[in-house]
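# mind folding the following:
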Amino acid sequence: MPEIFEKAAIIGTGLMGGSLSMALVESSKVRSVAGYDSSEETREKALAMRVADEVSSTASEAVNGADLVFIATPTSSIVDTFVELSGSLRDGAVVSDLGSAKMTVTAGVEAALPGGVSYVGGHPMTGSEQSGVQYARPDLYRQAYYILTPTARTDAEAFSKLHAVLTDIGARVISIDPESHDRAMATVSHVPHLLSLLLMDMASGQKEQMENLYTVSAGGFRDMTRIAASSPEVWIDICMENNDFIIERLKDYDARMRDLTEMLESGDREGLRRLFEGARRARAELSVKSGQELEELFDVSLPVPDEPGVISRISTAVGSLGVNIEDLGIVHPLEGETGIMTLRILGKEKARQAAEKLQELGYRASFWKA
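Presented below is the predicted three-dimensional model:
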């Protein structure tokens with residue numbers, strides 16, 4: 001497979017797809033970009049904004065000849081969109097998506113995957129409470145975490161090439177299996193959004209009794225309710241696609257709310273203190289782990305068998321540590337069924353953690369300064 005994609009196609013040029021298209025236009029890994037949106041108004045705006053090298057009038061026209069395809073439609077329509085386009089995809093094409101829930105999408109796409117076409121699920125952890133191509137910008141993905149969700153069916157070369165493109169546009173790529181992704185997103189993204197809606201709804205009901213409620217609202221309230229302004233259609237789709245894990249987390253939250261209510265009703269100062277201090281420590285640890293430090297690049301190298309699922313096992317094992325893989329490659333120095341995989345990782349400590357994790361899984365992993 002070539003190192004550079006000749007043509008990328010973006011199906012769905014709203015905020016996310018339009019921003020990705022703009023970033024790919026500037027990428028050294030893609031020669032040309034075609035965009036398509038089902039809305040004629042959006043296509044006209046995308047054309048006026050030059051979000052792509054060309055804006056096609058049909059989806060099949062956009063993917064014609066494309067060796068890289070991103071489906072950036074609402075999560076609930078990704079599988080149907082893929083099925084509609086599958087007959088127009090060229091042999092060797094790499095297909096990905098931007099869906100916020102992965103288990104249902106991955107299962108649906110892989111079930112309809114034609115021979116010669118590779119699929120790697122994806123979820124960029126970026127966006128805005130605003131929606132529409134008019135808010136698209138080429139730097140939306142820069143320094144944002146971008147989750148890839150490989151499975152046992154994921155082609156290693158396709159994964160490597162997609163990883164290289166996303167890294168080239170400035171994203172920080174990590175890998176998680178689809179089920180772990182959906183469980184994690186329910187906790188850190190989907191449930192917080194729903195709680196933001198409930199808080200905003202509660203405040204809206206009190207506004208009638210407190211005319212200046214919004215005027216005197218503190219920064220914490222504004223921060224917690226900012227995401228309540230996001231697109232309802234997008235989030236209804238997410239709630240339906242990740243329904244089971246969201247319900248699981250909401251029930252857990254409900255139990256914790258009852259515990260908190262009992263502490264307040266009983267005047268349990270020590271219980272409240274433990275809760276505040278524990279949350280404060282956890283938040284401080286999160287801030288430290290999220291900090292961007294100037295660190296050197298290290299290579300983690302390991303022999304790998306040439307078999308299905310190896311890229312998924314290794315990348316998700318490293319991703320489970322929260323470690324970003326800056327670059328990834330596989331070479332076959334000798335004839336046979338074994339290759340050498342190299343993961344480029346920022347920071348000596350993270351490289352050590354990755355190597356140790358892979359050693360625990362039975363791989364002969366070592367690391368050194370790149």
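
# which strand residues bridge the most centrally placed residue in the chain?
The C-alpha lying nearest the average C-alpha coordinate of the chain belongs to H123 (CA atoms, centre = their mean; 2.2 Å). Using DSSP bridges, the bridge partners assigned to H123 are I147.

# please tell me how far it sits from E54.
27 Å (CB to CB, to the nearest Å). The C-beta positions use only the backbone N, C-alpha and C, and glycine is treated the same way.

# in stretch 65-72, what's buried?
Counting neighbours by 16 or more other CB atoms under 10 Å, one finds that the buried residues in stretch 65-72 are 66-72.

# and which of those residues is nearest K7?
A66 (4.5 Å; CB to CB).

# enumerate every residue touching S118.
Neighbour list for S118: 92-95, 154-155, 157-158 [criterion: CB atoms under 8 Å, 6 or more residues apart in numbering].

# before we move on, what about V165?
5, 24, 27, 29-30, 68.

# show me which of those residues is closest to S60.
For these, the nearest to S60 is L68 (15.9 Å; CB to CB).

# for the residue nearest to S56 when sequence neighbours are not counted, give its distance to G132.
Closest residue in space to S56, ignoring its immediate chain neighbours: A62 at 3.9 Å, by CB to CB, 6 or more residues apart in numbering. Distance, A62 to G132, using CB to CB: 19 Å.

# neighbour-wise, which of those two wins?
A62 (27 against 16; other CB atoms under 10 Å).

# surely the more buried one meets S32?
No. Counting by CB atoms under 8 Å, A62 stays clear of S32, with 11.3 Å between them.

# include secondary structure, distance to T13 and pLDDT when you put the buried residues of stretch 65-72 into TSV, please.
Putting the buried residues of stretch 65-72 into TSV (DSSP: H, G, I helix; E, B strand; the rest coil; distance: CB to CB, whole Å; pLDDT from 0 to 100) gives the following:
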residue	secondary structure	distance to T13	pLDDT
A66	coil	14	96
D67	coil	19	95
L68	strand	15	97
V69	strand	13	98
F70	strand	10	98
I71	strand	12	98
A72	coil	7	95
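
# those: which two are farthest apart?
D67 and A72 (17.3 Å).

# what's the spacing between stretch 36-48 and its chain's center?
24 Å (CA atoms, centre = their mean, to the nearest Å).

# show residues contacting it.
9-14, 17-18, 21, 35, 52, 55-59, 61-62, 73, 132-134.

# ok, the spatially closest residue to Y146 that is not a sequence neighbour to D139 distance?
Of all residues not flanking Y146 in the chain, A171 sits nearest, at 3.9 Å (CB to CB, 6+ apart). For A171, the distance to D139 (CB to CB) stands at 11 Å.

# so which of these two has more stuff around it?
A171 (26 against 14).

# ok, now which ones touch the more buried one?
A171 neighbours (CB under 8 Å, 6+ apart): 124, 141-146.

# one more time with 10 Å
20, 23, 122, 124-126, 140-148, 163, 165, 324 (CB atoms under 10 Å, 6 or more residues apart in numbering).

# quick check: the closest residue to L197 other than its chain neighbours vs P74, distance?
Spatially, and ignoring its direct neighbours in sequence, L197 is nearest to A228 (5.3 Å; CB to CB, 6+ apart). Look at A228 and P74: by CB to CB, they are 19 Å apart.

# just A93 next, same as before
Taken as CB to CB, the span from A93 to P74 is 22 Å.

# more crowded one of these two?
Counted by other CB under 10 Å, A93 and P74 do not tie: A93 has more neighbours, with 24 against 19.

# check the more buried one and give its pLDDT.
Listed pLDDT for A93 reads 96.

# that one touches G115, doesn't it?
No. Using CB atoms under 10 Å, A93 is not in contact with G115; the gap is 11.4 Å.

# so the spatially closest residue to R142 that is not a sequence neighbour: helix, strand or coil?
Spatial nearest neighbour of R142, chain neighbours left out: G170 (3.5 Å); criterion: CB to CB, 6+ apart. Under the three-state scheme (DSSP: H, G, I helix; E, B strand; the rest coil), G170 adopts coil.

# could I get the pLDDT score of G170?
91.

# how many residues are close by it?
For G170, using other CB under 10 Å, the count is 17.

# how far away is it from L343?
For G170 relative to L343 (CB to CB), the value is 19 Å.

# same question for V109.
For V109 relative to L343 (CB to CB), the value is 26 Å.
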